[in-house]
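>>> the sequence and its predicted three-dimensional model are supplied below.
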Amino acid sequence: MKPYYKLRGKLTEQDKQIKDFEKLLNRSNFYITQIMTGKKGKYFREDEIYKIIDYIGESVKDMGKYFNEEQRKGI
């Protein structure tokens, strides 16, 4: 199963793209791609996860739908 598959699906539903994260998080395409493809040891930071959740219009309590425990390290 692809990492972040539910997040990818939510973006598609909303006609948004992963590349939108570059501007939202002020990060490079390389950084975003490494995380979204499941590069070992690469995860979004806590503040980035909260920005993404807000961007897709979800509440913090639903964070677990889009980020599993491993992906939410430190939160």
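That came through fine. Numbering: from 1, shown residues only.

>>> list the contacts for residue 21?
Neighbouring residues of residue 21 by CB atoms under 8 Å, 6 or more residues apart in numbering: 27, 32, 52. All C-beta atoms are positioned from the backbone trio N, CA, C, and that covers glycine.

>>> compare these and tell me which is most surrounded.
When neighbours are counted by other CB atoms under 10 Å, residue 52 leads those with 22 neighbours.

>>> is it correct that residue 34 is in contact with residue 41?
No: counting by CB atoms under 8 Å, residue 34 stays clear of residue 41, with 9.4 Å between them.

>>> more neighbours: which of those two?
Set side by side, residue 34 and residue 41 give different neighbour counts by other CB under 10 Å, the larger being at residue 34 (15 against 6).

>>> okay, and that one sits in which element?
Secondary structure assigned from DSSP states H and E places residue 34 in helix 29-36.
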